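# here you go, sequence then predicted model.
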Amino acid sequence: MSLRLATFVAVALACVCASSFAALTVSTVAPANLANGVSPARSVVLTFNQPLDPTTVTPAAFKLMGKTSGVVPIVVSLDAGATQVTLAPTRPYFLAETVHVRVASSVRSATQEALTRGFQSAFTIGGGASSKQFQLADVVEFRLAGEGLTRLYGFNALDVDGDGSPDMSGTNEVSSDVRVKRNDGCGAFGPTVIVPLPSGGEPSPNDVGDFDGDGRADLVTGNQNGNSIALFRNDGAGSYLAPIVVGVGGSCHGVAALDVDGDGDLDLAAANLTDVRVLKNDGVGGLTVSGGVDAGGGGEWQVATADADGDGRFDLFVSNYYSGSIGLLRASGAASFTLSATKSTGATAWPIGAGDVNGDGFADAVVGDNQNGVATLVRGNGAGGFGTSSNYPVGSQPVGVRLGDLDGDADLDLSVANFGSADCTVYFNNGGAFVAGPVLDSEISGSCSVLIDYDRDGDTDVVVTDEITDKAFVYRQIGPAPVGVQAPTCAATLRIDQRALRGGFGGMPATPLALGSTTFLGITGGASQPYAVFLGVGQSPGSPSAAGLFHLSATGPLLTLVSGFGGFGPTTNAVGEALLPVALPQSAITGVPITLQGAVGAPSSAAGAVLTNPETIVLVP
């Protein structure tokens, strides 16, 4: 064989081998990593660079986690070419929440190449139409009668009991416990359930995730005086089991859940004022410290996760309190991190949040300067580094940062809780820069803020906690109240993909629904009651009846989508909820408004039923 021929053969064989044994990767994910304004009913589609072994495409290998709605049940399907996996949720996400996508390294190609170190991405759900006006609707007490200071510092709006509505989990530093108050589904919160930590633990920061793999979301806290973290596993009955406590070698003021090694279960990062400790999960909730990493400054305080370099792994944004800086720790995917960038942000750096603020597809960070009352937006460059930054004045001593869609325009807005000025500063996003919104008062201090649709009417509300009075101040976004239109009530509400804002009425736009997609119709009413949903041509004002205002025209076509009246159809469940997935046609006339209205059984009413609010939809390509 000639030298030239031998060289050609060697090159050809090398190409064949390289092609045959190329690493399995996720080529694209939709919604894209860091996408904002995603529909509450959106499926996730992952495209791989090679055909997959179908036996490895299992629900155990693919996970969706809503950071307030909890574990998302999914139907996993593989396309005919074996390169595209669809994760279809069987319930809607919550408005304004962040959703994490997780794929385990157990996924294999048809030629048994591994998805080395797994895959992770995140997106945020859009809010509903917004007035940008907030009204104090409730003040929720976390102290028991006659009790002294509990110091309600940390707060989480996780749906603990899985009934489709956000609950309250408050971490209390002085009483050293977690206190749960369950939402009744209409925005009223029940009695306090206390789950204690060992005395003096001082739990404060928190995050959520299914650490023990039972399909329910758990709570993990960082404990400052206890120099530890605590895992509160969900008990399946609306509260938590006694915590599992693990030492982290220092005062823990920041925790973040992520898969550090790609094996599909949730691990933990915990900041302890000296470094960031990595805790690996044994798959059933056993967390063991496996190392630590310096974040490039003094006093590692809080931690936020996002994929900062587009490699399908969650990196860590860390606030360094004493040095007034943030550090970016890039993930290897093998349970280790490398410091890739630092940036000065002020005199001190306390609260931190991460997400794509300016819409360029790169992860940005917002950090609060506790000494100077400033929130700094630090833009990411998409390659594990930092770009320019902008400062925004907030109240005195900011201690909590939240990013989410407050005004329904598909970008990330900002809320900052301020201890010293006892309030929460709200900023609305305008083209990647923040514009001042309202300031929402607490009482003596501000310790945390959460962006969530607590009353499930379809717009995003704000809850602000006060760690000196141990109260949660619930600020409801003021929605439309059109005259002559049936309002949603606890007795009868119709939701379309979590929205009940009377779309198409009183100047509200109709809700657009894409052809070929799935939408979720939600019904709320009395427990175990029959319900019906009708559709036709809308009319306003509505026609009075004993059951309420009816908004479907008698002169147009009227169809019954589903009915449980007569004893032969569906009813609400034991907590008064029903969910109806509707697969929309692939082709149909678009742009024509269609109004839906429901009715729910109410034995005590004169009509035996109560009408829901009307909602108008329009099909779009």
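Noted; the coordinates are in hand. Computed from a prediction, not measured in an experiment: that's the story for all the values here.

# how near is D441 to R495?
D441 sits 30 Å away from R495, taking CB to CB, to the nearest Å as the criterion. To be clear about C-beta, it is placed using only N, CA and C from the backbone, and glycine gets the same treatment.

# and A546, how many neighbours?
For A546, the neighbour count with other CB atoms under 10 Å is 11.

# give me the pLDDT for it.
Among the per-residue scores, A546 holds a pLDDT of 96.

# residues touching it, list them.
605-607 (CB atoms under 8 Å, 6 or more residues apart in numbering).

# swap in 7 Å and give it another go.
Contacts for A546 were tallied using CB atoms under 7 Å, 6 or more residues apart in numbering; they are 606-607.

# for it, what are phi and psi?
phi -70, psi -20 (degrees, to the nearest 10).

# can you name the residues in contact with stretch 587-601?
With CB under 7 Å, 6+ apart, stretch 587-601 has contacts from 491-492, 494, 504, 510, 515, 523, 525-526, 529-538, 547, 551-552, 572, 608-612, 614-621.

# got a quick ChimeraX command for the buried subset of those?
Selection of buried members from the contacts of stretch 587-601 for ChimeraX, criterion 16 or more other CB atoms under 10 Å:
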select :491,492,494,504,510,523,525,526,529,530,531,532,533,534,535,536,537,538,547,551,552,572,609,610,611,612,614,615,616,617,618,619
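
# helices - which of the contacts of stretch 587-601 land there?
Within the contacts of stretch 587-601, no residue falls in helices by DSSP state H.

# burial count for A334?
12.

# any idea which element it lies in?
When secondary structure is defined by DSSP states H and E, A334 falls outside every helix and strand.

# residues in contact with it?
By CB under 7 Å, 6+ apart, the neighbours of A334 are 117, 261.

# quick revisit: show me which of D441 and R495 is the more surrounded one.
Taking other CB under 10 Å, D441 and R495 do not tie; R495 has more neighbours (25 against 16).

# who's in contact with the closest residue to that one other than its chain neighbours?
Excluding its sequence neighbours, the residue lying closest to R495 (CB to CB, 6 or more residues apart in numbering) is G522, at 3.7 Å. Residues near G522 by CB under 7 Å, 6+ apart: 495, 498, 579.

# how about CSV for those residues, with pLDDT and distance to L87 added?
Formatted as CSV, the contacts of G522 follow (pLDDT from 0 to 100; distance: CB to CB, whole Å):
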residue, pLDDT, distance to L87
R495, 98, 22
Q498, 95, 19
L579, 97, 18
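
# which of these fall in strands?
495, 579 (DSSP state E).

# between the contacts of G522, which is nearest G148?
Q498 (39.0 Å; CB to CB).

# next, count neighbours for that closest one.
By the measure other CB under 10 Å, the count of residues near Q498 is 24.

# where's it relative to V533, distance?
Counting by CB to CB, the gap from Q498 to V533 is 16 Å.

# gap between the residue nearest to G262 when sequence neighbours are not counted and V220?
Excluding its sequence neighbours, the residue lying closest to G262 (CB to CB, 6+ apart) is G118, at 2.8 Å. Distance of G118 to V220, given as CB to CB: 20 Å.

# and these two? Which one has more around it.
Between G118 and V220, counted using other CB under 10 Å, the more crowded position is V220 (28 against 23).

# skipping adjacent residues, who's closest to G238 in space?
Per CB to CB, 6+ apart, closest to G238 is D161, 3.6 Å.

# contacts only, for the one you found.
By CB under 7 Å, 6+ apart, the neighbours of D161 are 167, 182, 238.

# count of residues packed around A481?
9.

# do you know how far it is from T612?
Taken as CB to CB, the span from A481 to T612 is 16 Å.

# could you do V399 as well?
From V399 to T612 the distance is 41 Å (CB to CB).

# again with Q50
48 Å.

# repeat for S344
From S344 to T612 the distance is 54 Å (CB to CB).

# now swap in C252 and tell me
46 Å.

# same deal with G327?
50 Å.

# for H253, same thing?
For H253, the distance to T612 - CB to CB - is 45 Å.
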